[in-house]
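Undergrad: Quick check, what structure comes out for this input:
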Amino acid sequence: MQPLTYLLLLLPPNIFAFHGGSAAFSSSPRLHSLSPTALLSQDNADNTPRAQTSRRAVLQLLQSLPVMATASPSSAIALDTVLSVPPQTKQTTWPLGKVAFSLLPLAGSYSRRATVMETIIDDGVNGIWTFDQLQGVVNVNVPVRMTVVKLSPAAGGGLWVHNPLAPTPQLIQQIKLLEQTHGPVRHIVLGTVALEHKATLGPFAQYFSRATVWIQPGQWSFPVQLPIEFLGVTQNNDKLRILPSSQYLHGNRSLEEELSSIREKRYKYWAKRDPMPEWIIDIDYETLGPLQFQSVGAYSESAFYIKSKKTLIVTDCVCSVTKTPPKIIAEDARALLYHARDSIDDVVVDDDATREKGWRRMVQFGLVFFPSQIEVVPLNRAIAKAGAIDPSMKSLGVGGVPGNLYPWTWNDNNADLANFNAISQNGKLFCPPILTKLILDREPEKTLDWVDRISKRFAFTHLIPGHLNNYVKAGPKEFSNAFDPLRSNPRNGKVFPQRALPEDLALLQEASDLLSKFGVVAQSKVCDLEPARQASRFATRSLK
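TA: As a prediction, the model looks like this:
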């Protein structure tokens, strides 16, 4: 996930701002410039049937457009052609984005929201496709991903959608083309309680009103609990379901026990009448949580196993990152070049090395928030410097950074490369530090039990995370190893290190201590043995 979301959601005032925003738009009518009917008529205005080969050709063309636009340059390119602000078009607009994500200037909400589609598998029988959009704060952007799976006839056929994205006209057209070849969207699954995924559930589901919506257990809102309809979901009765617990799914809980665990009567009624999803023939899953926070909120996620293709789909629990920026990040390279500068005075060129440099720094901001290799510039000096920025660099912050501010400098030229390599380890799976330092370390036993169930039950060879690298080659062993920090033992002093250097965990360690002190979350059970307090820029204050 975008890690800042969890950090802010742990603080009640921000929880209110976020959920208030995500709930508010549901009371408004759909504001898309293209309605579902208009999209369909535009897609096939003369109502003539298309040959399957033609549909595939159009689908491949739509899919290739973002890729062609994001091809990395082999050498430096003229700044005036590369660094211009991409035009906002009808295809990449989602008008409700500003409301859904509330007050923060998130990329993809206040700006254009392009979609990059990738075919993972399409062999005529099986199909898996991913769709990436951009999300981030002040030019620290990450991919947020939706996955679509083709169901077998035995599982009811059609398409199964995991964690739907913002329904821009571009995305809806891509899905409609898939429907023409592979059948209608029949199931929409929200496999998390995280903001950036559930905020787009309702608007997307409105375009596929005949589909059944399945929601992750543990959905919550603050300051009062609101029904899922406040997110814009219009499905009801047997078309709106809660995911059965994986304990019931695998015979470890009776139907009576399952029903008693469901709070809302409407979900309980349909769970009793029709307890098993028809798609379980193709897709198995294991659920973690909900893990309740001490003050308000929860963490909950399901991992889905596509049996025929040995692929595991997750949301936030693990990710992988390498030096090459994802296609959706490179689709508008300005943020990469923004972060590639050592200071605001730098003038950079657009080439592979510059993009990789910007990406590794964006990753560090996104995962640890306060990289140890930066030095903060006083605000008055940062404002003065922003006013005197080189004209060729002014477009880098447009739509993402207020006033072109760049209020830090990076130590030396490539001093941060070691910090990035410690996180990346050439794409090895890891659990993000925001989870191992603030959330999962409060419930390590439950988390590791979930990890063990997944590792023993599902023989996967690849994994599709909700963020960063896509379709990662990894199996149960690699997945399990990603959670090693939770296996640290305070009793015997054994420590499994985090995937960030101790000095980079400064802010997260400070946040962990403060949130525990004020009772927002419980004390960490496993991760307070790390040297982050002694190595960090907050060391003196933390040890007082």
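Undergrad: only C-alpha atoms for contact and neighbour calcs from this point on.
TA: Fine.
Undergrad: OK, contacts around the nearest residue to residue 340 once chain neighbours are set aside?
TA: Distances taken as Cα to Cα, 6 or more residues apart in numbering place residue 358 nearest to residue 340, at 3.9 Å, with adjacent residues excluded. By Cα atoms under 8 Å, 6 or more residues apart in numbering, the residues touching residue 358 are 335-341.
Undergrad: just for this structure, where's the confidence low?
TA: Within the chain, the segments meeting pLDDT under 70 span 1-83, 96-111, 528-530, 536, 538-544.
Undergrad: Thought residue 220 was touching residue 297, still the case?
TA: Yes - counting by Cα atoms under 8 Å, residue 297 does reach residue 220; the two are 6.2 Å apart.
Undergrad: Counting neighbours, go ahead and name the busier of the two.
TA: Each of residue 297 and residue 220 has its neighbours counted (other Cα atoms under 10 Å); residue 297 has more, 22 against 18.
Undergrad: how about stretch 368-387: buried residues?
TA: 368-374, 382-383, 385-386 (16 or more other Cα atoms under 10 Å).
Undergrad: Out of those residues, which comes closest to residue 450?
TA: Lowest distance from residue 450 to the buried residues of stretch 368-387 (Cα to Cα) belongs to residue 368, with 25.0 Å.
Undergrad: can you give me the strands in the stretch 201-350 of the chain?
TA: Assigned by DSSP state E, counting those that start in this stretch, the stretch 201-350 of the chain shows strands spanning 212-215, 240-242, 283-292, 298-306, 311-313.
Undergrad: Single out the most deeply packed of those.
TA: Highest mean neighbour count among the strands of the stretch 201-350 of the chain (mean count of other Cα atoms under 10 Å): strand 311-313, with a mean of 24.
Undergrad: what's that one packed up against?
TA: If you count contacts as 3 or more Cα pairs under 8 Å, 6 or more residues apart in numbering; DSSP states H and E, strand 311-313 packs onto strand 298-306, strand 462-464.
Undergrad: picking that back up, now the element after the helix or strand where the residue nearest to residue 340 lies, going C-ward?
TA: Assessed by DSSP states H and E, residue 358 sits inside helix 352-368. The C-terminal neighbour of helix 352-368 among helices and strands, as given by DSSP H and E, is strand 374-376.
Undergrad: hmm, who's touching that next one?
TA: The contact list for strand 374-376 (Cα under 8 Å, 6+ apart) reads 407-411.
Undergrad: coming back round to it: of all the contacts of residue 358, which comes closest to residue 399?
TA: residue 335 (10.2 Å).
Undergrad: Could you check how many residues crowd around the residue lying closest to residue 401 once chain neighbours are set aside?
TA: Nearest in space to residue 401, with sequence neighbours left out and distances taken as Cα to Cα, 6+ apart, is residue 138 at 4.9 Å. For residue 138, the count of nearby residues is 19 (other Cα under 10 Å).
Undergrad: Distance of residue 138 relative to residue 511?
TA: To residue 511, residue 138 is 20 Å away according to Cα to Cα, to the nearest Å.
Undergrad: residue contacts, residue 355?
TA: 325, 333, 336-337, 340.
Undergrad: got it, and residue 517?
TA: Residue 517 makes contact with no residue under the criterion Cα under 8 Å, 6+ apart.
Undergrad: Am I right that residue 392 is in a strand?
TA: No - assessed with DSSP: H, G, I helix; E, B strand; the rest coil, residue 392 is helix; it does not lie in a strand.
Undergrad: Can you get me a residue count around it?
TA: By other Cα under 10 Å, the residues close to residue 392 number 13.
Undergrad: got it, and the one 3 residues further on?
TA: By other Cα under 10 Å, 18 other residues sit near residue 395.
Undergrad: distance of it from residue 495?
TA: On the measure of Cα to Cα, residue 395 and residue 495 end up 45 Å apart.
Undergrad: and if you look at residue 526?
TA: Residue 526 sits 8 Å away from residue 495, taking Cα to Cα as the criterion.
Undergrad: Could I get the full set of strands for the stretch 51-200 of the chain?
TA: 106-107, 116-122, 127-137, 140-150, 159-162, 185-190.
Undergrad: In a markdown table: those strands, plus mean neighbour count and distance to residue 85.
TA: Converted to a markdown table, the strands of the stretch 51-200 of the chain look like this (neighbours: other Cα atoms under 10 Å; distance: least, Cα to Cα, whole Å):
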| stretch | mean neighbour count | distance to residue 85 |
| --- | --- | --- |
| strand 106-107 | 24 | 13 |
| strand 116-122 | 18 | 18 |
| strand 127-137 | 22 | 15 |
| strand 140-150 | 25 | 16 |
| strand 159-162 | 24 | 31 |
| strand 185-190 | 24 | 33 |
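Undergrad: can you pull the contacts of residue 242?
TA: Contacts of residue 242 were listed using Cα under 8 Å, 6+ apart, and they are 214-217, 267, 271.
Undergrad: hmm, 10 Å instead?
TA: By Cα atoms under 10 Å, 6 or more residues apart in numbering, the contact list for residue 242 reads 189-190, 213-219, 262, 264, 266-268, 270-271, 275.
Undergrad: Next step: those residues restricted to helices.
TA: 266-268, 270-271 (DSSP state H).
Undergrad: For ChimeraX, what selects the buried ones among these?
TA: To isolate in ChimeraX the members of those that are buried, counting by 16+ other Cα under 10 Å, one can use:
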select :267,268,270,271
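Undergrad: Pick the one among the ones in helices among the contacts of residue 242 closest to residue 348.
TA: Nearest to residue 348 among the ones in helices among the contacts of residue 242, with distances taken as Cα to Cα, is residue 267, at 55.3 Å.
Undergrad: and that closest one, how far is that from residue 260?
TA: 11 Å.
Undergrad: And for residue 275?
TA: Distance from residue 275 to residue 260, counting by Cα to Cα: 13 Å.
Undergrad: more neighbours, these two?
TA: residue 275 (19 against 10).
Undergrad: who's in contact with that one?
TA: Residues near residue 275 by Cα under 10 Å, 6+ apart: 241-244, 248-249, 255, 258-259, 268-269.
Undergrad: And for residue 411?
TA: Residue 411 touches 342-343, 372-375, counting by Cα under 10 Å, 6+ apart.
Undergrad: where does residue 373 fall, phi/psi-wise?
TA: phi -90, psi 10 (degrees, to the nearest 10).
Undergrad: wouldn't it be in contact with residue 504 here?
TA: Yes - between residue 373 and residue 504 there is a contact under Cα atoms under 10 Å: 8.3 Å.
Undergrad: Show me whatever sits in contact with both of the two.
TA: By Cα under 10 Å, 6+ apart, the residues touching both residue 373 and residue 504 are 364, 419.
Undergrad: Mind listing the shared neighbours of residue 275 and residue 260?
TA: Contacts common to residue 275 and residue 260, judged by Cα under 10 Å, 6+ apart, are residue 268.
Undergrad: Thought residue 170 was touching residue 133, still the case?
TA: No - Residue 133 lies out of contact with residue 170 (Cα under 10 Å); the separation is 11.0 Å.
Undergrad: For the two, list the residues in contact with both.
TA: With Cα under 10 Å, 6+ apart, residue 133 and residue 170 have common neighbours 113-116.
Undergrad: now for these, which pair is the farthest apart?
TA: Farthest apart among these by Cα to Cα are 113 and 116. That separation is 10.0 Å.
Undergrad: any shared contact partners between the two?
TA: With Cα under 10 Å, 6+ apart as the test, residue 113 and residue 116 both reach 132-134, 170-171, 328.
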